[in-house]
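Trainee: 3D model of this:
(chains A and B)
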Amino acid sequence: MSDGDLVRQTLAGRTAAYEELVRRWSARLLAFCHAKVRSSHAAEDLAQEALLRAFRSLASLAEPEKFGPWLRGIALRACLDWFKNKQNRQAPFSMLAGGRLDAEELADGEARRAEERDEQVRQLMDEVEALPDEYRETLMMYYYEDLTYQELADALGVSAATVNARLTKARALLRQRLGRLTR
Amino acid sequence: MDCRQAIESIEHWMDGELGAAEQASLELHLASCSMCAGVAEAAKLTDAELQRAFAPRRRAAEALAERVAAQLRHERPDARLPARGWPLLAAAAAGFLFAVGIFRPWRHDEPQLAAPAAPIARLAAATGAPELLPRETVPWFTCPPSAPIEPGACVRTGPDARCELDTPTGCQLRLNCGTEVRFDGPRQVELRRGRLWSNVSEMDQTVDVKQARASVAARQAQFDISCQPGEATLTVVKGAATVRGAREQRTVSAGEQVKIVAGEISEGRPPLDPLLDASWMNELVCLKGPDNPELIERVDDILAQIGETKLAYLYEDEIRRLGDRAVGPLLKFIASDRSRSDPKRRDLAARLVADLAPWPATADLIGLLDDHSPIVRESAARALFRLTGRDLGYSLDQWRDPSGTISHAGPQAWRDWWAESQNREGGLAAEPKSKGDPPPPFKKARGPADSGRSGPRGKT
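Mentor: Numbering: from 1, shown residues only, chains lettered A, B, ... in the order given. Next comes the predicted model:
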């Protein structure tokens, strides 16, 4: 079912259709926000905000098939607002784990945090966040979601060859920065 | 396939983007070329590490989708805007609805749908993830940033979370860890458990504490309520609050504390250290950024308390040995209310500052030139002369004069000098280059008219 179909079903009152859109787009949107703000915690809040904002103003979407780019636009505005408010910003909410009382979520959160504490992973993620814009965005979208070059190219509006070139360059930069130079 | 082609294909191969024939060709090459095999190995290692690093992020994306889906179950998309391309249908629908609206075929047989209630509070900041219960019929969920809170909603904090909620009436409510409140109305909150601090604006606000069978009402006040099973403790920080118990009503003023047990109000211990009592909010206050006036006030107060403690427990020469590290707390002590009731200690602090203050204290020193105490004024002028080599035409006698002949002109001259000095230096006044040279002695009794130097001379 296309994005446009799901948008139309949502507008007709079937909220489950939007849930499908959320599942379809959450990883890509999270990668996009993460690449923009270079903070995984802030990105979660911004992506959540963008998905909810989009839901609330779905009726204003002129072309339902263009849900993806429209959602990206909303997320971009949320990211720009985040930068604007950065100085006076309050706590990124997802940074503040531990408030949810559901045992499963807590256990899941603990496991996730434990992994993120891994020093090597942290270093690598720091380097990923420090990559130049276009490499960072491409690399993040690739690893957040298992997309093919062509799917990634469509999402970014570039060619598959460009995607490959960016991924190659991004990985080479990471290897250099982390001290594993290829010969 | 040669090495150049192999190197170019390695990333494609690793990402599963090579056709079967190319893949076979590359793998054949890698089996026979150790250099290309090494490059492929390094690429695979990087890819594996990236996959591992992004595994939590992928799970975070799934969790995000679930969170949003859970929240969607409480919302409906905004249907007020008509979808484009359906104007005729929309017009027909509008006409139909208009007719239905006039004739009301359902009469009173069915209940009317309630319009969504206006939010009465909004989550403003949190150090953990607070939870929201919009209605009793749905489960608790993580409260998103800036989430609107409607009448009847409950908010609770976990064991590590604190949060601040703002109301449209200008009140702030801060919830300590393990606190739960219910918003009964725009200015009516029920504290169910935990600890709540409230800064009430010009409009009345009431906090019900059913556990203790009491309610607290206030206006233009700050108070703190701690609720344990069966009892509550109210501390008023600013202004006054009215407590209504089972049989009596009592007004509690700033600095006072009462205990309420089963509706009976009794005196509590007076708060020993308001700063310490309110320290649980420090993390929330810090979230609002370094320019937040409340944070600045709190830090100033802490410094003033440190200054007061130094003066109370150290001999003068011990404080002098601390050097310019003692100056910040002493300056804040002089400027604070803490020093008002102890003029002798305040003057001592000023004399110490006169001898110890470093260049960055210049603005604070200028602020003391208006002080009501002649000794504080003189000490500030002395410190400014030591730091800048200037007196701006005012003698120490004039600053010390209890009749205040120096009026506002002296402090104003220094403020002008400071502003001009900052502008000249692009926003930051620079420390004088000749720091090591002692300034010439202070001029004896001379007015601005004699000196002809009512402003800065030359670049500092």
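
Trainee: what's the least confident helix or strand in chain A, going by average pLDDT?
Mentor: helix A:103-117 (a mean of 56; mean pLDDT, DSSP states H and E).

Trainee: what's the distance between B:H408 and chain A?
Mentor: As for B:H408, its distance to chain A is 35 Å (criterion: CB to the nearest CB, to the nearest Å). From N, CA and C alone the C-beta is placed, and that goes for glycine too.

Trainee: who's in contact with that residue?
Mentor: Counting by CB atoms under 8 Å, 6 or more residues apart in numbering or on different chains, B:H408 makes contact with B:D370.

Trainee: still on that earlier bit, tell me the helix or strand right after the least confident helix or strand of chain A.
Mentor: helix A:119-129 (DSSP states H and E).

Trainee: What is the subsequent helix or strand relative to that next one?
Mentor: helix A:133-144.

Trainee: Spatially central residue in chain A, please.
Mentor: The C-alpha lying nearest the average C-alpha coordinate of chain A belongs to A:L30 (CA atoms, centre = their mean; 1.7 Å).

Trainee: In this structure that residue contacts B:L64, no?
Mentor: Yes. Counting by CB atoms under 8 Å, A:L30 does reach B:L64; the two are 6.0 Å apart.

Trainee: which neighbours do those two share?
Mentor: Common contact partners of A:L30 and B:L64 (CB under 8 Å, 6+ apart): A:E44, A:A47.

Trainee: near chain A, which residues of the stretch 201-350 of chain B?
Mentor: Residues of the stretch 201-350 of chain B that fall close to chain A, judged by CB under 8 Å from any CB of the partner chain: B:L287, B:K288, B:G289, B:D291, B:N292.

Trainee: what phi and what psi does the backbone show at B:K259?
Mentor: When read as degrees, to the nearest 10, the backbone of B:K259 gives phi -110, psi 140.

Trainee: Now it: closest residue in space that isn't a chain neighbour?
Mentor: Nearest residue to B:K259 in three dimensions, chain neighbours excluded: B:G268, at 4.4 Å (CB to CB, 6 or more residues apart in numbering or on different chains).

Trainee: quick one on the thing from earlier: roughly how far apart are the residue nearest to the centre of chain A and chain B?
Mentor: Distance, A:L30 to chain B, using CB to the nearest CB: 5 Å.

Trainee: so what's that residue up against?
Mentor: A:A43, A:E44, A:A47, A:Y144, B:R57, B:A60, B:A61, B:L64.

Trainee: May I ask which of the residues of the stretch 201-350 of chain B next to chain A has the most neighbours?
Mentor: In terms of neighbours by other CB atoms under 10 Å in any protein chain shown, these top out with B:L287 at 20 neighbours.

Trainee: ok so, going back, secondary structure element for the residue nearest to the centre of chain A?
Mentor: helix A:15-37.

Trainee: And that helix, how far out from the chain middle?
Mentor: 7 Å (CA atoms, centre = their mean, to the nearest Å).

Trainee: list the buried ones in it?
Mentor: A:15, A:17-37 (16 or more other CB atoms under 10 Å in any protein chain shown).

Trainee: cool, stretch A:45-62 as well?
Mentor: For stretch A:45-62, a neighbour-count test (16+ other CB under 10 Å) marks A:45-52, A:54-55, A:58-59, A:61 as buried.

Trainee: Pull out the buried residues from the helix or strand where A:Q176 lies.
Mentor: Using DSSP H and E, A:Q176 falls within helix A:160-177. For helix A:160-177, the neighbour count (16+ other CB under 10 Å) marks A:160, A:162-164, A:166-175, A:177 as buried.

Trainee: quick one on the thing from earlier: tell me the spacing between the residue nearest to B:K259 and B:E256.
Mentor: 8 Å (CB to CB, to the nearest Å).

Trainee: Pick the one among the contacts of A:L30 closest to B:P360.
Mentor: Nearest to B:P360 among those, counting by CB to CB, is A:A43 at 38.5 Å.

Trainee: In contact with residue 51, which residues?
Mentor: By default, I'm working from chain A. A:V22, A:W25, A:S26, A:L29, A:L71, B:L64, B:V68.

Trainee: please go with chain B instead
Mentor: If you count contacts by CB under 8 Å, 6+ apart, B:Q51 has them with A:Y143.

Trainee: so what pLDDT did it get?
Mentor: For B:Q51, the model assigns a pLDDT of 88.

Trainee: returning to that earlier point: how about the contacts of A:L51 in JSON lines, adding distance to B:I334 and pLDDT?
Mentor: Formatted as JSON lines, the contacts of A:L51 follow (distance: CB to CB, whole Å; pLDDT from 0 to 100):
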{"residue": "A:V22", "distance to B:I334": "58", "pLDDT": "92"}
{"residue": "A:W25", "distance to B:I334": "59", "pLDDT": "92"}
{"residue": "A:S26", "distance to B:I334": "56", "pLDDT": "92"}
{"residue": "A:L29", "distance to B:I334": "54", "pLDDT": "92"}
{"residue": "A:L71", "distance to B:I334": "57", "pLDDT": "92"}
{"residue": "B:L64", "distance to B:I334": "52", "pLDDT": "90"}
{"residue": "B:V68", "distance to B:I334": "54", "pLDDT": "87"}
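
Trainee: Count the neighbours of B:S403 for me.
Mentor: Residues near B:S403, counting by other CB under 10 Å, number 6.

Trainee: Check for me that it belongs to a helix.
Mentor: No. With DSSP: H, G, I helix; E, B strand; the rest coil as the criterion, B:S403 is coil rather than part of a helix.

Trainee: thinking again about what came up before, name the nearest of the buried residues of stretch A:45-62 relative to B:A335.
Mentor: A:D45 (39.0 Å).

Trainee: re earlier: residues shared between the contacts of B:G268 and B:E256?
Mentor: B:T235.

Trainee: Show the contacting residues for the closest residue to B:G328 other than its chain neighbours.
Mentor: Distances taken as CB to CB, 6+ apart put B:L303 closest to B:G328, at 5.6 Å, once the chain neighbours are dropped. Residues near B:L303 by CB under 8 Å, 6+ apart: B:G328, B:P329, B:L331, B:K332, B:F333.

Trainee: on that earlier part again, let's have the buried residues of stretch A:45-62 in CSV, adding secondary structure.
Mentor: What follows is these, written out as CSV (three-state DSSP):
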residue, secondary structure
A:D45, helix
A:L46, helix
A:A47, helix
A:Q48, helix
A:E49, helix
A:A50, helix
A:L51, helix
A:L52, helix
A:A54, helix
A:F55, helix
A:L58, helix
A:A59, helix
A:L61, coil
